[in-house]
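Chemist: Okay, sequence plus prediction incoming.
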Amino acid sequence: MNKKIKDIVYTISPNSKMRFLNDKYLWMERDIFILASIIFNIETVFRMKEKVNQVKISISEETAELCNLTALKNEIMDLLNYVLMYDVEVIFEVNQEYSKYKRDKDLEFNKCNNVCLFSGGIDSFSGIVTCKKEYKDIEGLFVAHGDQPRGVNIVSTLYKNALEKLKIPIHTLYAPPMKRYGYSQLRGFLYCMYGAIYMSLLKADNLLVTECGPTMYQPKFSPFDSVTMTTHPYVLKRTKNIIELFLRRKVHIITPFENLTKAEVFINSPIKNQFQFTHSCISLGTGRNCGHCYGCVVRKIGSIIADLKDTAHDVLLKYETMNFTSKENIFIYKKQRLFKRFALDTFAAIYILKEKGFQTNPYIENSYEAVINKLGIKKIKERIENVRSGKFIPNFDKEVN
């Protein structure tokens, strides 16, 4: 690979706050950090329309001796092939320099059984405060990218406004830059692997990923559509296997919101007055929600149904005749009921807006009338009541298997 591509692939966070991983006895955590960062960077290169055929990853002597490197290599290559649809050869190289690192005697970590990923979005905020209610002992992890400083400000605001009062510590790890080349499908892998660092430091058994179901199982509208795969079940499964190979023990990746829509995530949050400070937009550049991208629209629909300030037609009426590409994830993972509720949320939001006197365009009006004629207003009102009464709740028994 040329120097430009090599520099991108092997760029690990330069933030000085990551130097604690140079501690002599944190060899495993450092190896996880380096590996996850490099794999994430490989996708960045692919998003630049370039290719990486082979990557060499430095590891400690301890990892080389204790970890099943063949299994680790196969898991990583399978993941890259699935996400990038391209074969990348992974080679591990033992770095003798690691043994020369010194012990940082100031490092101290208290035991905590639950680590919750926290990004400052709707799902993660509702998730971490809901998990605090469920588990009591919980600590959050925020992954900061150097080119997204506004994300740090959002998380800081939410911490000061709510999480500090609930005594939920938020740790921060600094990742390579995101860069603007489209979707980053391996963000979920990166964040979970960074989560594994704190699972090791805190001796935690559980990693909580509080993404709502429609995001995890987002369907394509056509065979070549690009949809988010950050918490796709296959990605999470491969990531869990990689974490267990590093930690050499069983771990649990728990997905309590897997069968909840965005509206249900809103309504289940014990704290509802902080959503205005969360971020859902596809871009963190401005620090504001644009109101027009997929994330912002789903956020708006959810907040309307839940009565909070701040694909549907076919799933409801023509599920059997939808092309398989569009319903593949729904079919394989048995999520038809989830997506029917998700679709109902769209038309329930339109109903609420129409009741308040808002005008809709002819296309929306036609779709809305088709649904109302088929299902009736009663079904829409029942959906609104079910959301606002909290009928659907998180399931903390759901985990990646």
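Modeler: That came in fine, so what should we check first?
Chemist: Point out where this protein drops to low pLDDT.
Modeler: Applying pLDDT under 70 to the chain flags residues 99, 105, 181-182, 220-227, 283-287, 292, 310-319, 322-326.
Chemist: what domains does the record give for it?
Modeler: 3-100, 114-262, 289-388 (automatic domain parsing).
Chemist: Next, the distance between the ends of the last one.
Modeler: Pointing back at domain 289-388 there. 24 Å (Cα to Cα, to the nearest Å).
Chemist: cool, and the second one?
Modeler: The first and last residues of domain 114-262 sit 23 Å apart, counting by Cα to Cα.
Chemist: repeat for the first one
Modeler: Counting by Cα to Cα, you get 28 Å between the two ends of domain 3-100.
Chemist: Next: stretch 247-264.
Modeler: With Cα to Cα, one end of stretch 247-264 sits 34 Å from the other.
Chemist: List the buried residues for that stretch?
Modeler: By 16 or more other Cβ atoms under 10 Å, the buried positions in stretch 247-264 come out as 247, 251-264. Glycine gets a C-beta too; all of them are placed from N, C-alpha and C.
Chemist: Next: stretch 183-201.
Modeler: In stretch 183-201, counting by 16+ other Cβ under 10 Å, buried: 184-201.
Chemist: Check stretch 384-394 too.
Modeler: In stretch 384-394, counting by 16+ other Cβ under 10 Å, buried: 384, 386-387, 392, 394.
Chemist: ranges for the helices of the stretch 201-350 of the chain?
Modeler: 213-216, 233-247, 262-268, 294-305, 312-317, 324-332, 336-355 (DSSP state H, counting those that start in this stretch).
Chemist: most tightly surrounded among those?
Modeler: Sort the helices of the stretch 201-350 of the chain by mean neighbour count, taking mean count of other Cβ atoms under 10 Å, and helix 262-268 sits at the top with a mean of 26.
Chemist: before we move on, back to that, secondary structure for the buried residues of stretch 384-394 - can I get that in TSV?
Modeler: TSV is the format used below for the buried residues of stretch 384-394 (DSSP: H, G, I helix; E, B strand; the rest coil):
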residue	secondary structure
384	helix
386	helix
387	helix
392	coil
394	coil
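Chemist: for those, which one is nearest residue 139?
Modeler: Checking the buried residues of stretch 384-394 against residue 139 by Cβ to Cβ gives residue 394 as the nearest, at 18.6 Å.
Chemist: list the contacts for that closest one?
Modeler: Contact analysis of residue 394 by Cβ atoms under 8 Å, 6 or more residues apart in numbering lists 130, 134, 256-257, 260, 268.
Chemist: For residue 269, see how far away it is.
Modeler: Between residue 394 and residue 269 the computed distance is 10 Å (Cβ to Cβ, to the nearest Å).
Chemist: got any residues that touch both of these two?
Modeler: residue 130.
Chemist: circling back: biggest separation within the contacts of residue 394, which pair?
Modeler: By the measure Cβ to Cβ, 134 and 260 form the most distant pair in the contacts of residue 394, at 14.1 Å.
Chemist: Next, count neighbours for the residue nearest to residue 233 when sequence neighbours are not counted.
Modeler: Using Cβ to Cβ, 6 or more residues apart in numbering and skipping residues adjacent in sequence, the residue nearest residue 233 is residue 333, 6.3 Å away. Residues lying near residue 333 (other Cβ atoms under 10 Å) number 15.
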